[in-house]
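>>> heads up, no residue letters with this:
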């Protein structure tokens, strides 16, 4: 039995086998080979495995996002069997007497560059597809695990780190816990763990030898135990069952109001990252959705999602929530959420750079497409629109102007929509200090405490070395929240919290005393927060 201690993200216990997730990207070495026929056989075997993976991914995607959105995986299968692609790989192996990994990587680079230089936009887009299938083949050849489709049971996923673009592609039904070497308590992996109601531990020096071994993740202590001894296994299994019983008791709060003993009503909503998370909201009795992170539609796509694709996603959520409020945050890409097809330049300080509403106002064609989709979906439910990273009244006025133009377009085209509430996220000290003026222009505020803490304390939330001083309870942060609530109410806006701090039950009384109207938390925190509110005078 081996034990290691890291930093815990979510207080829960998981028991299962370890799956080592490794990124696709890696350098490929050129190696001389004599037996070229054997290398070609290795290529054919790897191609068969890769095609099987793609077929499974395609079938799952059809169920999750429909045939149109799943079509890219059909394209990948066709490209992998393309005669020109296959012939190039085999030719490089036989003529240069090199290993198949090098031949695949070289062919992938050559074809990708060729497509990228074409005039036709469709063919240009195929450049990324070629890189993708080449990386998949190399992953299979090198034995690196990137596909969870073959798993027979849920696993404890271990990785160096996970980017947002990777987390959205994981089969979350097969994950018991996250363990990463890098990352911070405010990373998107951590946020995803809380949304999924599973433990996560960061700062563990993961070893290749752990692959497939039984492990216990103790989210209370931050301990990772490899090959647990029988007595310890039984002890932790009992603790896990005790947690599950407590969760069952919380279910008695379903259908109850989130109201204090003195009658103060709080709207308790949920934060989600995609359409599939709605099931968890309903399961945990969320009263609405206070934060739909729409950027995950972009992270899941290999190109800009169309108006129709976005409309279908927003419509589905609105319909499933059956008239309950759904607050959709407009595109918040940039910083740690990078998407290749946006073509964003590398920045020295991306957290304070070209991101969120700054991109949308600079590239209005992207913004208009999203607003059209949102307004169209509003006809099917109770949608509100929220703009992120606002630092000035002028930005809000420009957003409202564009929104008004989109409404006029839809009206002229005879397309139905509803008048929607609009709001802004308060994430910067600038927004805090002009919150009274902002409150006169919008219907609501939602305080993003993760970024507000980051910018107020001048601490990079992604830097794990600063976790010990990344104090969301800092007086400056709490006073900022108090000021925003007071100013929002002065301007006529209701005020909520959608950052992770909203789920901190040690502050629930503080927020209610401040006059907060709404708390939006990960679905797994809804019932514990309701319990905390109902216990207050």
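Arrived safely. Remember, it's a predicted structure, so these values are computed and weren't measured experimentally.
>>> From here on, just use CA atoms for contacts and neighbour counts.
OK.
>>> Please work out the average pLDDT along stretch 45-57.
Regarding stretch 45-57, the rounded mean pLDDT is 88.
>>> Not counting its own residues, what contacts stretch 129-146?
20-25, 42-43, 46-47, 49-50, 76, 79-80, 101, 104-105, 108-109, 111-112 (Cα atoms under 8 Å, 6 or more residues apart in numbering).
>>> Filter these down to just the ones in helices.
When these are checked against helices (DSSP state H), the matches are 42-43, 46-47, 49-50, 76, 79-80, 101, 104-105, 108-109, 111-112.
>>> Can you say which of the residues you listed are buried?
For these, a burial check counting by 16 or more other Cα atoms under 10 Å picks out 42-43, 46-47, 49-50, 76, 79-80, 101, 104-105, 108, 111-112.
>>> which parts of stretch 448-465 are buried?
So, applying 16+ other Cα under 10 Å, buried residues of stretch 448-465: 448-457, 459-462, 464.
>>> Give the full set of residues in contact with residue 289.
Residues near residue 289 by Cα under 8 Å, 6+ apart: 269, 270, 271, 272, 281, 324, 325, 326, 327, 520.
>>> I'd assumed the first one was in a strand, is it?
Yes: counting by DSSP: H, G, I helix; E, B strand; the rest coil, residue 269 is part of a strand.
>>> Touching, it and residue 284? I think so.
No: contact criterion Cα atoms under 8 Å: residue 269 and residue 284 do not qualify, at 10.3 Å.
>>> Overlap of the contact sets of these two?
Counting by Cα under 8 Å, 6+ apart, the residues touching both residue 269 and residue 284 are residue 526.
>>> of those two, who's got more company?
The residue with more neighbours, out of residue 269 and residue 284, is residue 269; 28 against 21, by other Cα atoms under 10 Å.
>>> who are the neighbours in contact with that one?
Residue 269 neighbours (Cα under 8 Å, 6+ apart): 286, 287, 288, 289, 290, 518, 519, 520, 521, 526.
>>> just how off-centre is the helix or strand where residue 193 lies within its chain?
Applying DSSP states H and E as the criterion places residue 193 in helix 188-196. Computed by Cα atoms, centre = their mean, to the nearest Å, the chain-centroid distance of helix 188-196 equals 8 Å.
>>> What strands flank the next helix or strand after it, and is each parallel or antiparallel?
The helix or strand immediately downstream of helix 188-196 is strand 200-202, counting by DSSP H and E. Taking DSSP bridges as the criterion, strand 200-202 sits next to strand 7-8 (antiparallel), strand 175-180 (parallel) in its sheet.
>>> What average pLDDT does the helix holding residue 193 get?
Across helix 188-196, the average pLDDT comes to 73.
>>> Would you mind listing the buried residues in that helix?
Buried residues in helix 188-196 (16+ other Cα under 10 Å): 188, 189, 190, 191, 192, 193, 194, 195, 196.
>>> what residues are up against the last one?
It stands for residue 196. So residue 196 contacts 172, 523, 524 (Cα under 8 Å, 6+ apart).
>>> Give me the buried subset of those.
For the contacts of residue 196, buried by 16+ other Cα under 10 Å: 172, 523, 524.
>>> longest strand of the chain?
Ranked by number of residues, the top strand in the chain under DSSP state E is strand 13-20.
>>> Packing partners of it?
Packing partners of strand 13-20 (3 or more Cα pairs under 8 Å, 6 or more residues apart in numbering; DSSP states H and E): strand 155-159, strand 175-180, strand 214-218, helix 230-250.
>>> okay, the ones you listed in a markdown table with distance to residue 117 and mean pLDDT next?
Shown next, in a markdown table, are the helices and strands packed on strand 13-20 (distance: least, Cα to Cα, whole Å; pLDDT from 0 to 100):
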| stretch | distance to residue 117 | mean pLDDT |
| --- | --- | --- |
| strand 155-159 | 35 | 92 |
| strand 175-180 | 38 | 91 |
| strand 214-218 | 49 | 95 |
| helix 230-250 | 56 | 89 |
